[in-house]
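K.L.:
this is the structure alone, sequence omitted:
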């Protein structure tokens, strides 16, 4: 997954925005799952891609399989910062 803003899908952008707004959690594992507002995301493949690309991470260390608040990495902030206002 490219981290350039124009290469991100609308769904990936929405997921990043939810993380940036403090509305998301990651289940810590080798393929972290994401939930937003307490609901599992419909596209866990994109959630995995965002984590693998280093755009999101768990905000607190937890045991494997446990949920942690999600946060944007510096790269995630940069990816969102390069988006036009209407995105």
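P.N.:
Now that the structure is in, tell me what you want to look at. No experiment lies behind these values; they were computed from the predicted model shown.
K.L.:
with adjacent residues omitted, what lies nearest to residue 67?
P.N.:
residue 25 (4.6 Å; C-beta to C-beta, 6 or more residues apart in numbering). Bear in mind the C-beta positions are built from the backbone N, C-alpha and C, glycine included.
K.L.:
residues in contact with whichever strand or helix holds that neighbour?
P.N.:
Assigned by DSSP states H and E, residue 25 belongs to strand 24-27. Strand 24-27 has contacts (C-beta atoms under 8 Å, 6 or more residues apart in numbering) with 15, 18, 32-36, 47, 51, 56-58, 65-70.
K.L.:
can you check stretch 54-62 too?
P.N.:
So stretch 54-62 is contacted by 3, 15-16, 19, 24, 26, 28, 32, 34, 47, 50-51, 68-73, 75-76, 79 (C-beta under 8 Å, 6+ apart).
K.L.:
how about 6 Å then?
P.N.:
19, 26, 28, 50, 68-71, 73, 75-76, 79 (C-beta atoms under 6 Å, 6 or more residues apart in numbering).
K.L.:
kindly provide the distance from residue 14 to residue 51.
P.N.:
16 Å (C-beta to C-beta, to the nearest Å).
K.L.:
which one's more surrounded, the two?
P.N.:
Shown here are residue 14 and residue 51; by other C-beta atoms under 10 Å, residue 51 has more neighbours (23 against 16).
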